[in-house]
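[1] whatever this is, show me its structure:
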Amino acid sequence: MNRPDGAPERRAWGSLESDTMAVLWAAPGPLTPAQVQEALGGGPAYNTVQTILTRLHEKGLVRRGPSPQAGRGRRGHEYWPTDDAATAAARRMRAVLDGPGDRLAVLRRFTAGLDPADAAALRALLDEPAGGGDPRGAP
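    Residues are numbered from 1 along each chain as shown. Model prediction:
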């Protein structure tokens, strides 16, 4: 998509990292940068995908290891998420709560936007002993 001046539309800040993590979470195993690029629809350049993966690795969000697809004499890595999507989301929520500002106000605004089913699930989680099961009945 292009802007009115004909220049290509820029992605929202952080969206390529989010999209890359979504690709890695959906994958059945580790992926090479080329596989991630393909899963992203081929839009971002290979070097851009490699840079994003390197940044995610530096942030501790992904792990990497040598790729068996690298070939003789060539270096290459494959990447996989450090945590599943739910754990990563919980860590981000915790970071917001632990950050500057009014913790109670953040919690109040978060809970005010919950739909009734999510509010009920949150109440059930808060009422159960720590380490309990999924309030929706899932394993």
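[2] got a list of what the residue nearest the centre of the chain touches?
    Central residue of the chain (CA atoms, centre = their mean): M21, 4.1 Å from the mean position. With contact set as CB atoms under 8 Å, 6 or more residues apart in numbering, M21 has these partners: 56, 61-62, 81, 85, 88. Backbone N, C-alpha and C define where each C-beta goes, glycine included.
[3] which of the residues you listed fall in helices?
    The helices, defined by DSSP state H, take in 56, 85, 88 from those.
[4] next, count neighbours for the first one.
    Counted with other CB atoms under 10 Å, the burial measure for L56 works out to 20 neighbours.
[5] got a list of what the residue lying closest to it once chain neighbours are set aside touches?
    Distance criterion CB to CB, 6 or more residues apart in numbering; nearest residue to L56, sequence neighbours excluded, is V62 at 4.4 Å. Residues in contact with V62 (CB under 8 Å, 6+ apart) are 21, 24, 53, 56, 79-82.
[6] could you list which of those belong to strands?
    79-81 (DSSP state E).
[7] ranking the residues you listed by neighbours, who comes first?
    Going by other CB under 10 Å, Y79 tops the ones in strands among the contacts of V62 with 27 neighbours.
[8] pretty sure that one sits against R63.
    Yes. The criterion here is CB atoms under 8 Å, and Y79 meets it with R63 at 7.0 Å.
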